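> I'd like to go over a predicted model; first the sequence, then the structure.
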Amino acid sequence: MFETLLYEKQPTGLPGGDIVWVTLNRPDKLNALNLQMRDDLWAALDVASLDPDAGAVIFKGAGDRAFSAGADISEFGTAPSIIDARRARQERDLWGRMAAFEKPMIAAVHGWALGAGCEMGLLCDVRIASEDARFGLPEVNLGYIPSAGGTQTLPRLIGRGNALYMVLTGDPIDAATALDFGLVEWVVPRDQLYAKAEEVALAILSRPPAAVRKTKEAVLRGLDLPLAEGLKLEALLAQELTATEQRKKKQA
Ligand code: COA
């Protein structure tokens, strides 16, 4: 279905729906994110969003060595012009789309997760790493700044000091440090990575789906608000959820 991704659905029989496994599939290039992969990810998110049976998405990387080594550096500087590059980005804001994606997303990370590969994980809701995972935002070494959201998502997740350490040195951290920093929620042996990701997905999918959806919305939207506004948002979403549930009960 996609040139650079595998898109596989795993039925669960749970109220939340099925698991969609999206595998970044350029193992010879350490799953570097080229333009084609970004287009494919955009389309895969469309499919997962529109498919009512798709309940949660797990991202993983093909091959032994990497989740993803980041943006494809062989494509750097190949856009016809800076204006074209900026227009393409605005028309298809993949990272913004991931940041606002309504269904739960889990990153199952092994090996290298660099640059946009690391940032993709940061845009997911839960990150699970295997013991061999290494995370880094090396853009500064190349004279760039992270541009798949990393300067914003990383400090929100791991705090200002740890984030600045990572983005200003560009040095990768190992899985144990990532756990210590709060960059990942779990570290497991390599052979248990996908079982753990599946376990987390199944737990979420077994909960009432409307409550899961609203809860994710409350957390994601609330993070950008002052506390008082966030509390109002939470109350509003709770009311909406109750009203929807009552309507459903009356209809039943
Ligand atoms: N873009 C394009 N190709 C990449 C890539 C990337 N980001 N990362 C790795 N590759 C390719 C290599 O060119 C190589 O391809 P080849 O076999 O056709 O020559 C293949 O993947 C394997 O990589 P290699 O560098 O040989 O593996 P390694 O084990 O020696 O090193 C890394 C692994 C991750 C340390 C190293 O590949 C690296 O630094 N990659 C670039 C990371 C980066 O800067 N990402 C962009 C952030 S903005």
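Everything's here; your move.

> domain assignment for this structure?
Residue ranges for the domains of the chain, per automatic domain parsing: 5-205, 209-251.

> what about the first one and the ligand, any contact?
Translated: domain 5-205. Yes - for a cut-off given as C-beta under 6 Å from any ligand atom, domain 5-205 has contacts with the ligand, namely 29-30, 32, 69-74, 112, 114-115, 138-139, 142. To be clear about C-beta, it is placed using only N, CA and C from the backbone, and glycine gets the same treatment.

> pull out the buried residues from those residues.
For the residues of domain 5-205 next to the ligand, a burial check counting by 16 or more other C-beta atoms under 10 Å picks out 29-30, 32, 69-72, 112, 114-115, 138-139.

> the longest helix in the protein is where?
Taking DSSP state H as the assignment, the helix of the chain that covers the most residues is helix 227-251.

> which neighbouring elements make contact with it?
helix 209-222 (3 or more C-beta pairs under 8 Å, 6 or more residues apart in numbering; DSSP states H and E).

> okay, buried residues for the helix it packs on please.
Quick answer for helix 209-222 (16+ other C-beta under 10 Å): 209, 212-218, 222.

> cool, and stretch 223-234?
Buried residues in stretch 223-234 (16+ other C-beta under 10 Å): 230, 233-234.

> same thing with stretch 42-61?
44-45, 48, 54-61.

> any chance of the residues you listed in TSV, plus secondary structure, pLDDT and distance to D93?
Below are these laid out as TSV (DSSP: H, G, I helix; E, B strand; the rest coil; pLDDT from 0 to 100; distance: C-beta to C-beta, whole Å):
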residue	secondary structure	pLDDT	distance to D93
A44	helix	98	15
L45	helix	98	11
A48	helix	98	17
A54	strand	98	21
G55	strand	98	24
A56	strand	98	22
V57	strand	98	18
I58	strand	99	22
F59	strand	99	18
K60	strand	98	23
G61	strand	98	23
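
> what's the most distant pair in those residues?
Largest separation among the buried residues of stretch 42-61 by C-beta to C-beta: G55 and G61, giving 21.8 Å.

> partners of the closest residue to H110 other than its chain neighbours in the sheet?
Closest residue to H110 apart from its sequence neighbours, by C-beta to C-beta, 6 or more residues apart in numbering: S130 at 4.3 Å. For S130, the beta-bridge partners are V188 (DSSP bridges).

> for the ligand, see how far away S130 is.
16 Å (C-beta to the nearest ligand atom, to the nearest Å).

> so that residue touches A195, yeah?
No - checked against C-beta atoms under 8 Å, the pair S130 and A195 is beyond contact range at 11.1 Å.
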